[in-house]
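Novice: build me a model:
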Amino acid sequence: MRIIAILGSPREGGNTELLLEEALKAVTERGHSVTLFRPSRMKIAPCDNCGACDETGECILIDDMDEVYGAIRDGERFILASPIFFLGLTAQVKTLIDRCQSFWCEKYLLKRPIPEGPRGRKGLVLLVGGMKNEVGFKCGDATARAFFRSINVQEHETLSYPGIDELGAIKRHPTALEDAYEAGKRLVEER
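Specialist: Numbers count the residues shown, from 1 in each chain. The predicted structure is shown next:
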């Protein structure tokens with residue numbers, strides 16, 4: 001099974017990355033391959049709403065997204081991990097998501113969704129934030145849902161952890177790392 005993971009945090013070794021590592025540990029222990037994208041290390045131009053993908057379903061910008069597009073087409077399971085900044089996903093991951101407008105056009109305008117494949121397509125969203133209320137997590141999950149549906153991932157699970165801010169704080173949460181590991185196991189279960 002091909003798993004695509006997108007790490008939206010620009011902070012090396014941060015809480016989001018630690019959470020993602022636990023989910024990926026469960027996936028790799030079961031023999032699945034993982035392709036990890038770190039938008040903060042990639043050259044990804046923002047979508048400029050040129051409209052070219054309206055008629056072709058393909059983005060005309062040439063940059064590191066070309067690799068992401070191929071991986072999304074071939075992937076079967078998807079993990080999107082991001083801290084919440086100002087009530088939303090990070091700018092780095094949001095730029096990647098916005099560039100997937102071409103998949104939205106392909107699915108909804110051109111009526112050519114990415115095929116589900118024999119095992120279907122499922123997703124997992126991991127969200128971490130310093131705030132204590134749920135508003136930012138709901139906003140982040142709404143964006144993740146729109147992204148997943150555009151790439152024909154019809155079901156996903158979301159784990160969110162408020163009040164996690166300082167580096168390494170996720171390790172002190174009573175269940176977060178175990179939750180992520182178990183969610184990784186569920187993600188790769190066969191239908």
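
Novice: flag the shaky bits of the protein, pLDDT-wise.
Specialist: For the chain, applying pLDDT under 70 flags the ranges 191.

Novice: element containing the residue nearest the centre of it, please.
Specialist: What sits nearest the mean C-alpha location of the chain, by Cα atoms, centre = their mean, is Leu80, with 2.1 Å. Under the criterion DSSP states H and E, the helix or strand holding Leu80 is strand 77-83.

Novice: so what strands line up beside that strand?
Specialist: Strand 77-83 sits in its sheet next to strand 2-7 (parallel), strand 122-128 (parallel), going by DSSP bridges.

Novice: identify all contacting residues around the longest one.
Specialist: Contacts of strand 122-128 with the rest of the structure, by Cβ atoms under 8 Å, 6 or more residues apart in numbering, involve 15-16, 19-20, 23, 76-84, 137, 140-141, 144, 148, 153, 155-161, 164, 170, 180, 183-184, 187. No exception for glycine: its C-beta is placed from N, CA and C like everyone else's.

Novice: gap between stretch 69-76 and the chain center?
Specialist: The chain centre lies 12 Å from the centre of stretch 69-76; the measure is Cα atoms, centre = their mean, to the nearest Å.

Novice: ok, now which ones touch the residue of the chain positioned farthest from its centre?
Specialist: If you look at how far each residue of the chain sits from its centre, by Cα atoms, centre = their mean, the farthest one is Glu55, at 25.8 Å. Applying Cβ under 8 Å, 6+ apart to Glu55 gives the contacts Leu110.

Novice: there's contact between Leu159 and Asp179 in this structure, I believe.
Specialist: Yes: under the contact definition of Cβ atoms under 8 Å, Leu159 touches Asp179, with a separation of 5.6 Å.

Novice: what do those two both touch?
Specialist: Contacts common to Leu159 and Asp179, judged by Cβ under 8 Å, 6+ apart, are absent.

Novice: in the sheet, who's paired with the nearest residue to Arg186 once chain neighbours are set aside?
Specialist: Taking Cβ to Cβ, 6 or more residues apart in numbering, and ignoring the residues beside it in sequence, Arg186 has Glu157 as its nearest neighbour in space, at 6.9 Å. Beta-bridge pairing of Glu157, defined through DSSP bridges, involves Leu124.
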